[in-house]
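[1] Mind looking at a prediction? Sequence and model below.
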Amino acid sequence: MHCCWFGKTFVGLIAAAGAGLGAFSSTAAAETRHISFTIEDTILTLSGKQTFHTFSFNGQTPGPLIHVTEGDDVEVEVENNTTLPHTIHWHGMFQRGSWKNDGVPGTTQAAIAPGETFTYRFKAEPSGTMWYHCHVNVNEHVAMRGMWGPLIVDPKDPPPIEKEVTKDYILMFSSWVSNWANKPGEGGVPGDVPDFFTVNGKAFPETQPLRIKKGDVVRIRLIGAGDEMHSIHIHGHDFEVYAKDGRPLANPYPADTILFGPGERYDLILRADNPGIWMVHDHIDKHTVNGKNPMGGMMTTIEYAEIPVKDQAFYTWKDKNFVPDFYYEESLKKPLGMHENPAFKGVPAP
Amino acid sequence: MHCCWFGKTFVGLIAAAGAGLGAFSSTAAAETRHISFTIEDTILTLSGKQTFHTFSFNGQTPGPLIHVTEGDDVEVEVENNTTLPHTIHWHGMFQRGSWKNDGVPGTTQAAIAPGETFTYRFKAEPSGTMWYHCHVNVNEHVAMRGMWGPLIVDPKDPPPIEKEVTKDYILMFSSWVSNWANKPGEGGVPGDVPDFFTVNGKAFPETQPLRIKKGDVVRIRLIGAGDEMHSIHIHGHDFEVYAKDGRPLANPYPADTILFGPGERYDLILRADNPGIWMVHDHIDKHTVNGKNPMGGMMTTIEYAEIPVKDQAFYTWKDKNFVPDFYYEESLKKPLGMHENPAFKGVPAP
Amino acid sequence: MHCCWFGKTFVGLIAAAGAGLGAFSSTAAAETRHISFTIEDTILTLSGKQTFHTFSFNGQTPGPLIHVTEGDDVEVEVENNTTLPHTIHWHGMFQRGSWKNDGVPGTTQAAIAPGETFTYRFKAEPSGTMWYHCHVNVNEHVAMRGMWGPLIVDPKDPPPIEKEVTKDYILMFSSWVSNWANKPGEGGVPGDVPDFFTVNGKAFPETQPLRIKKGDVVRIRLIGAGDEMHSIHIHGHDFEVYAKDGRPLANPYPADTILFGPGERYDLILRADNPGIWMVHDHIDKHTVNGKNPMGGMMTTIEYAEIPVKDQAFYTWKDKNFVPDFYYEESLKKPLGMHENPAFKGVPAP
């Protein structure tokens, strides 16, 4: 029964997906979103030769995008194929009337034992940038084993910004302690020294640029998925701090740097008016190393289409092989449901 | 003269306490609140067998509640029964015309030497969630010896929320470096590794649930008493960030996670509308361990009266022996003055 | 050609400075500000005997004040006299049409090699509390080698507060890892233990008091220049959080403590109404040590003119030799341009 649910096979598939973006207007009836997850022992590459043993959702870190509309009924069948217990907590979901689906071992359920399956059922409420993660031994599983992914709940009654946004990016931040890379079930203890720092599971230079053009209205969804604070700075622009924890602020404010902690989410709106190549990075300088090597970690760039990057002799990424959807920007345009991403896949642990 | 002041004995007592909550309306004249503190060498139990040598106020960490009304004249006689110098700083108090009562050694007074007594006199201003702490060698005494307690100043002209609140909780956060547990007068140096993390001096599972019911308007007063940042997440709800540093925000905002630093206070308002058992925890995952053991530290739950916790087979705390007033919720209902709490008492150091 | 630019010598001088503060009203045409920097190997004293090998701008840490008006054309010639590559990033500047002047190696330019000169040209936009820093190996050069200074851009159309402010202070916060003090080109690696903590490059007691008087409207510009979070608390007052990252908040709010991260700037407005001697310090207690010694680091005081400090027997600084301009308060009153400060100068590295 590992691979089956209501008699259908769902592993890695979107079941009962809608008919496309246009199908989900504010007047549409709530849909039921069937999603199937397995939890796997996976070897992820952070940067260069630095690999890490993760417990992954469907083989990838960050996990697949779950993209639904407010009010949808979400059903997620989770099969634990690892040798350790896990759960999934749906961070930010109210779980009204469904508290036993909140995914906290010892509080709302018994953890899902190895080989077992558990189905979470909840209504997607409220809307906004949410996320999901394991809630067993969070000091290891969340802080260091990559057990997290984005849960985007579109508002039922979209505010004007939803129509304005032309580029939509998700950035999940996490740190890693290489000392524990090959010791699943251990780590996340006092004295640990984080030495790798990733955006969507990759450290510079294996992150990807954000490719935009003048006139774009860019939403950047920051998610503190790991265990560190981050002070993200975007060059050449100010941005509007538009939403916190998925909720639009009554009083958005401009900034060029934003500090956030684990579990927090900030949606930034950047109005692209200044062609160039611009750094985006954590201003906590120690988060820009790969082990002992500088100029790595939590760094990327914004590339404007107006600037021919290949002509910039000094540009580290002038000949970079661009991997699309690294910030879920393509997945977010697909029909609602669940979307995997080959770029985030590791390889099965031996 | 250690134990005496104006010829009366005050140790551990509230002197000249008022006639009950009703006695202190906005039209009442300012009262004088006489409070007596001793500073003691005390052994506190954080969790399990982990004890810590503290310098305590009246034998407890966190210290006794000081609860007064804006405009009251506060007099606190402090007797230092330890072998090290101390002071008390009244964090947030304006000390208008009373700057020598601000409690900073080398700046507003000479520290109170062992065996000496000092009396602080100040007007309670402004209102809000304040706190008090030693200001000598703060890297040890505040960060690691438990020298802090809550100072709640009720507003003279209460805003509507004061009548709405049905449950009022105080949570003081602190981290501990077990390496220094038995070495008073040492510690708080670069390279220290904090490995215990407490709410009101206790680490999970020795914290207590917050017991509420549907319809409650819950105020949660977060106080960063120790030396770490915290990113507190409450499951199943959003809360309103109502006040910072005791001052109501002109523009409260909803959130499910809030980052704060040492010294900061946030008052959250949570409208209880979602019966269940819900986690409340620091999302900085490393703060949810007890030493090297996961699932400890800064965690607790909200328990709704509508949910019979004893029936939840999976619930870690289903048979927990509940200790009331752990979040000062009972003390806050008592007549104004000073209130000790047996649950926070340690034992005298040998 | 090291020392010359357009045929004129600029090292350590303000070229083409205006005719004084009064000369730069909102109707004045944009000026061109010519500034000349050298980057030097310098030995800075943090506190007592603790020295540190820095890469300094014009021999000082923090660097010289750059003070201009919004819309001004800024030209900064930088000559790298060290043995390592560097750049200067102008944190917060939009660099509209001038992205190759943004100062990021590998993204907007090749780093300035030892012995080479590079000239940055950009329009000062937007206004506010900005700063500049190297962008090469930021984990070492910014986090630990003192390569930063303030860039204050006065608004072209000043809001009322600009006329109200009577005292204007700049505080740049940075931490240091003494283990690397004498190893330029190394350090800033995982596991580093910061053990010195400075405001404007000095640790208490070698910081300076802020001298104000009743009635002053004090602006305190906090700049997170190093690699740590800070939770700055001011005693005896609340302050208005007036601007973030140089941009005035639509909804300022009162507080007594403010948490900020690397790269962030907060402008606080404090209305001086409470004569006394008051502590200003980082409430992250571990930031108030000098190495293993307590009562150091990020601490200073506010001294009101109404209080005769020499009469306060307990006051650590009662006989302190006051060094003016430590918070740029005098430089900010000088004609626009660039201003060095002898108090921040180190000595040339041997």
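    Nice, thanks for sending it over. Residues are numbered from 1 along each chain as shown, chains lettered A, B, ... in the order given.

[2] how about the nearest residue to the residue in the stretch 1-150 of chain A that chain C sits nearest to, chain neighbours excluded?
    Residue nearest to chain C within the stretch 1-150 of chain A: residue A:50 (12.4 Å; Cβ to the nearest Cβ). For every residue, glycine as well, the C-beta is placed using N, CA and C. Of all residues not flanking residue A:50 in the chain, residue A:196 sits nearest, at 5.9 Å (Cβ to Cβ, 6 or more residues apart in numbering or on different chains).

[3] now residue A:304
    residue A:275 (3.9 Å).

[4] residues touching that neighbour, list them.
    By Cβ atoms under 8 Å, 6 or more residues apart in numbering or on different chains, residue A:275 lies in contact with A:214, A:304, A:306, A:307, C:99.

[5] switch to 7 Å and redo it
    A:214, A:304, A:306, A:307 (Cβ atoms under 7 Å, 6 or more residues apart in numbering or on different chains).

[6] from what I can see the first one touches residue A:270, true?
    It refers to residue A:214. No: the criterion here is Cβ atoms under 7 Å, and residue A:214 misses it with residue A:270 at 12.0 Å.

[7] more crowded one of these two?
    Between residue A:214 and residue A:270, residue A:270 has the larger neighbour count (other Cβ atoms under 10 Å in any protein chain shown), namely 25 against 12.

[8] How about the secondary structure of the more buried one?
    Classification of residue A:270 by DSSP: H, G, I helix; E, B strand; the rest coil places it in strand.

[9] ok, back up a step: ok, the residue of the stretch 1-150 of chain A closest to chain C - contacts?
    A:178, A:196, A:290.

[10] gap between it and residue A:43?
    With distances taken as Cβ to Cβ, to the nearest Å, residue A:50 is found 11 Å from residue A:43.

[11] And the residue in the stretch 151-300 of chain A that chain C sits nearest to, what's its pLDDT?
    Proximity to chain C, evaluated over the stretch 151-300 of chain A using Cβ to the nearest Cβ, is greatest for residue A:276 at 2.8 Å. Reported pLDDT at residue A:276 in the predicted model: 98.

[12] Wait, it touches residue A:305, no?
    No: using Cβ under 7 Å, residue A:276 is not in contact with residue A:305, being 11.4 Å away.

[13] The two: who's more crowded?
    More crowded of residue A:276 and residue A:305, by other Cβ under 10 Å: residue A:276, with 24 against 13.

[14] Need phi/psi at the closest residue in space to residue A:288 that isn't next to it in sequence.
    Nearest residue to residue A:288, sequence neighbours excluded (Cβ to Cβ, 6+ apart): residue A:297, at 4.4 Å. Backbone torsions of residue A:297, given as degrees, to the nearest 10, read phi 70, psi -130.

[15] which ones are touching residue A:253?
    Contacts of residue A:253 by Cβ under 7 Å, 6+ apart are A:241, C:244, C:249, C:250.

[16] Give me every residue in the stretch 251-350 of chain A lying close to chain B.
    Contacts of the stretch 251-350 of chain A with chain B, taken as Cβ under 7 Å from any Cβ of the partner chain, map to A:251, A:260, A:261, A:262, A:263, A:264.

[17] of all the residues you listed, which two lie farthest apart?
    Farthest-apart pair in those is A:251 and A:262; separation 24.6 Å (Cβ to Cβ).

[18] Neighbour count: those two, which is higher?
    residue A:262 (30 against 11).

[19] Now do the same contact list for that one.
    Per Cβ under 7 Å, 6+ apart, neighbours of residue A:262: A:224, A:226, A:227, B:231, B:283, B:284, B:285.

[20] can you check residue A:110 too?
    residue B:314 are the contacts of residue A:110 under Cβ under 7 Å, 6+ apart.

[21] now it: how far from residue B:237?
    Residue A:110 is 23 Å from residue B:237, where distance means Cβ to Cβ.

[22] same question, residue A:160
    27 Å.

[23] cool, residue A:320 as well?
    Counting by Cβ to Cβ, the gap between residue A:320 and residue B:237 amounts to 44 Å.

[24] wait, isn't residue A:300 in contact with residue A:207?
    Yes: with contacts counted by Cβ under 7 Å, residue A:300 reaches residue A:207, the gap being 4.3 Å.

[25] What are the boundaries of the strands in the stretch 101-250 of chain A?
    A:117-123, A:128-133, A:148-154, A:167-176, A:196-199, A:210-212, A:217-224, A:230-234, A:239-244, A:247-255 (DSSP state E, counting those that start in this stretch).

[26] Can you add mean pLDDT and distance to residue A:66 and give these back as CSV?
    Shown next, in CSV, are those (pLDDT from 0 to 100; distance: least, Cβ to Cβ, whole Å):
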stretch, mean pLDDT, distance to residue A:66
strand A:117-123, 98, 11
strand A:128-133, 98, 7
strand A:148-154, 98, 5
strand A:167-176, 98, 11
strand A:196-199, 98, 19
strand A:210-212, 98, 22
strand A:217-224, 98, 13
strand A:230-234, 98, 23
strand A:239-244, 98, 18
strand A:247-255, 96, 19
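
[27] Give me whichever of these is most buried.
    Most buried of these, by mean neighbour count (mean count of other Cβ atoms under 10 Å in any protein chain shown): strand A:196-199, with a mean of 28.

[28] Report the distance from that one to the chain centre.
    13 Å (Cα atoms, centre = their mean, to the nearest Å).

[29] who touches it?
    A:46-47, A:50, A:171, A:173-176, A:178, A:203, A:207, A:282, A:287, A:290-291, A:297-298, A:300.

[30] how many neighbours does residue A:127 have?
    For residue A:127, the neighbour count with other Cβ under 10 Å is 24.

[31] confidence score at it?
    For residue A:127, the pLDDT comes out at 98.

[32] which residue sits closest to residue A:331, ignoring its sequence neighbours?
    Leaving aside its chain neighbours, residue A:331 sits nearest to residue A:339 (4.0 Å; criterion: Cβ to Cβ, 6+ apart).

[33] measure the one you found to chain B for me?
    24 Å (Cβ to the nearest Cβ, to the nearest Å).

[34] Give the bridge partners for that residue, please.
    Applying DSSP bridges to residue A:339 gives these bridge partners: residue A:65.

[35] And the pLDDT for it?
    In this prediction, residue A:339 has a pLDDT value of 98.

[36] tally of neighbours for residue A:83?
    By other Cβ under 10 Å, 12 other residues sit near residue A:83.

[37] who's in contact with the closest residue in space to it that isn't next to it in sequence?
    Setting aside the residues directly before and after it, residue A:83 is nearest to residue A:114 in space (Cβ to Cβ, 6+ apart), at 5.1 Å. With contact taken as Cβ under 7 Å, 6+ apart, residue A:114 is in contact with A:80, A:82, A:83, A:84, A:85.

[38] Domain map for chain A?
    According to automatic domain parsing, chain A is divided into the following domains: A:4-159, A:162-328.

[39] what about the last one, how long is it end to end?
    Right, domain A:162-328. Here the two ends of domain A:162-328 are set 16 Å apart, with distance taken as Cα to Cα, to the nearest Å.

[40] What residue in chain A comes nearest to chain B?
    residue A:99 (2.8 Å).

[41] Tell me how many other residues surround that residue.
    Look at residue A:99: counted by other Cβ under 10 Å, it has 22 neighbours.

[42] Pop out the phi and psi values for it.
    When read as degrees, to the nearest 10, the backbone of residue A:99 gives phi -60, psi -20.

[43] My guess is it contacts residue B:236. True?
    Yes: under the criterion of Cβ under 7 Å, residue A:99 makes contact with residue B:236 at 6.2 Å.

[44] got any residues that touch both of the two?
    Both residue A:99 and residue B:236 are in contact with B:276, B:278, where contact means Cβ under 7 Å, 6+ apart.

[45] list the contacts for residue A:191?
    Neighbour list for residue A:191: residue B:193 [criterion: Cβ under 7 Å, 6+ apart].
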